[in-house]
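*Asks:* got a predicted structure plus its sequence, pasted below:
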Amino acid sequence: MTKRIYNHPLLKNIETETVEMFYNHHPLTCHVGESVASCLLANDIRTIRHHEDDNSPRGIFCNIGHCFECRAEIDGKKNIRTCLTPVQEGMSVISGHSLPHDVREWSENHV
């Protein structure tokens with residue numbers, strides 16, 4: 001079930017072209033020009049990853065690329081911010097697991 005506004009009193013008809021992407025191997029319909037995070041939110045997906053330390057759910061927080069909470073694996077590349085990544089036809093987004101914290105891992109390996 002999608003949670004989108006398709007008709008607005010001021011903006012009128014908002015329908016646009018759609019593409020299909022895959023989130024954890026499940027197809028989702030997204031609108032051309034929207035971010036991966038927006039598509040996930042519209043499809044009622046709130047948890048994009050889990051915290052590295054306590055496994056708590058993480059999702060969209062700032063939605064402007066500052067916080068890194070919305071990171072996921074996109075087309076095989078890890079730690080990509082979904083709020084800054086436009087959807088593309090056939091894109092694969094993998095999540096549901098803790099992602100490594102690059103700064104912490106670098107610090108532990110370079111002490």
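*Replies:* In hand now; what should we look at?

*Asks:* ok, and the closest non-adjacent residue to residue 80?
*Replies:* Setting aside the residues directly before and after it, residue 80 is nearest to residue 74 in space (C-beta to C-beta, 6 or more residues apart in numbering), at 4.3 Å. For every residue, glycine as well, the C-beta is placed using N, CA and C.

*Asks:* contacts only, for that neighbour.
*Replies:* 36, 80, 82, 85, 91-94 (C-beta atoms under 8 Å, 6 or more residues apart in numbering).

*Asks:* same deal with residue 35?
*Replies:* So residue 35 contacts 82-87 (C-beta under 8 Å, 6+ apart).

*Asks:* what about this structure, any weak spots by pLDDT?
*Replies:* 1-6, 11-15, 96-111 (pLDDT under 70).

*Asks:* tell me the SS of residue 37?
*Replies:* Recorded secondary structure, residue 37: helix (DSSP: H, G, I helix; E, B strand; the rest coil).

*Asks:* assumed residue 29 was part of a strand.
*Replies:* Yes: the assignment for residue 29 is a strand, going by three-state DSSP.

*Asks:* test my guess that it contacts residue 22.
*Replies:* No: using C-beta atoms under 8 Å, residue 29 makes no contact with residue 22, being 11.1 Å away.

*Asks:* can you give me the end-to-end distance of stretch 19-31?
*Replies:* Stretch 19-31 has an end-to-end distance of 6 Å (criterion: C-alpha to C-alpha, to the nearest Å).

*Asks:* now do stretch 69-81
*Replies:* 8 Å.

*Asks:* ok, and for that stretch, which residues are buried?
*Replies:* Across stretch 69-81, burial judged by 16 or more other C-beta atoms under 10 Å covers 69-74, 80-81.

*Asks:* just give the nearest non-adjacent residue to residue 92, would you?
*Replies:* Counting by C-beta to C-beta, 6+ apart, the residue nearest residue 92 is residue 22, at 5.0 Å.
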